[in-house]
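Colleague: next comes the sequence, and after it the predicted model I'd like to discuss.
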Amino acid sequence: MTDQVIAADGTALAVQRQGTGRPLVLLAGQANDHTWWDSTRGDFHPAHSTITMDYRGTGASGKPDAPYSTRLFADDVVAVLDGLGIERADVYGTSMGGRVAQWLAIRHPERVDRLVLGCASPGGQHAVERSAEVRRALLRPDAAETLADLMYTPGWRAAHPGPYRTLGDASMPAHARKHHLRASNEHDAWDALPRITAPTLVLHGEDDQLTPAVNATLIAQRIPGARVHVFPGARHAYFEECRPEASDLVADFLARPA
């Protein structure tokens, strides 16, 4: 079911809710819409209703030509929860969605029950960024192929030829892509991470070159009581390549009593 919620600044946000049970908000990566979660959201439906959104600038949401930020995206999530009449939810964010989820838990702790942060970084000067070689490769004409290689191992790609839902929303206008890139690049929650009170699980792929895996440890060291799990040999899209292990791990974490 697709709904529309209006953000504080009047931007229309497309929202999708599936399943029944305790609400679980799933937050996608940079420049992606809700289809990022198409292959895995059903894994959580035995216990949860899953809630996704098209970030502003993507999918069926509004695409204002104005600065975006991970804090703004977090405020948009609050607007979604308000629009659906949900007081509290579990939250699972991957890639830029993990950065957005950080601010959601920091600025709106009363809205977050349990928190899962996947293939994310704390941002700012303390984060370990991708190499200059990777940055250059993402600027080449074959950047889509490079991104697919950063997401998945060659063996997994050979067995799963796609199409992949994690390579960006092709319908995005140029200004929205620019604003998404800046929002992700300017994220810096380092000083605020110790304020997170929600039980937190941090997940990462061991061979992630898009967001190096050491960032998982950095995040977990800043959040009181956070747990870490690293998937051996996996790249950025561990949640697909390591399914169902990753989904089972998340489901088990979310099911534990507080």
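Modeller: Right, received. Where do you want to start?

Colleague: wait, Y68 sits on R182?
Modeller: Yes: look at Y68 against R182 with Cβ atoms under 8 Å: they come within range, at 7.0 Å. C-beta: built from backbone N, CA, C; applies to glycine.

Colleague: correct me if wrong, but N32 is in a helix.
Modeller: No: counting by DSSP: H, G, I helix; E, B strand; the rest coil, N32 is located in no helix; its state is coil.

Colleague: contact partners for it?
Modeller: Neighbouring residues of N32 by Cβ atoms under 8 Å, 6 or more residues apart in numbering: 55, 58, 165-166, 168-169.

Colleague: go on, H45?
Modeller: 18-21.

Colleague: and it, how far from A246?
Modeller: 16 Å (Cβ to Cβ, to the nearest Å).

Colleague: equivalent analysis for S171, please.
Modeller: Taken as Cβ to Cβ, the span from S171 to A246 is 28 Å.

Colleague: looking at the two, which one has more neighbours?
Modeller: The neighbour comparison of S171 against A246 (other Cβ atoms under 10 Å) goes to A246, with 24 against 11.

Colleague: and the helix or strand that contains the more buried one, what does it pack against?
Modeller: Here A246, judged by DSSP states H and E, is contained in helix 245-255. Judged by 3 or more Cβ pairs under 8 Å, 6 or more residues apart in numbering; DSSP states H and E, the packing partners of helix 245-255 are strand 112-118, strand 200-205, strand 227-231, helix 238-241.

Colleague: count of neighbours near D9?
Modeller: 13.

Colleague: please report phi then psi for the nearest residue to it once chain neighbours are set aside.
Modeller: Counting by Cβ to Cβ, 6 or more residues apart in numbering, D9 lies nearest to P64, which is 7.6 Å off, once chain neighbours are set aside. Dihedral pair for P64: phi -60, psi 140, per degrees, to the nearest 10.

Colleague: ok, P64 touching T11?
Modeller: Yes: look at P64 against T11 with Cβ under 8 Å: they come within range, at 5.7 Å.

Colleague: joint contacts of these two?
Modeller: In contact with both P64 and T11: R56, using Cβ under 8 Å, 6+ apart.

Colleague: that older thread, out of the contacts of N32, who's nearest L115?
Modeller: Y55 (18.7 Å; Cβ to Cβ).

Colleague: quick one: contacts for H236?
Modeller: 95, 119, 150-151, 166, 205, 208-211.

Colleague: quick one: it from G205, how far?
Modeller: Applying Cβ to Cβ, the value for H236 to G205 is 6 Å.
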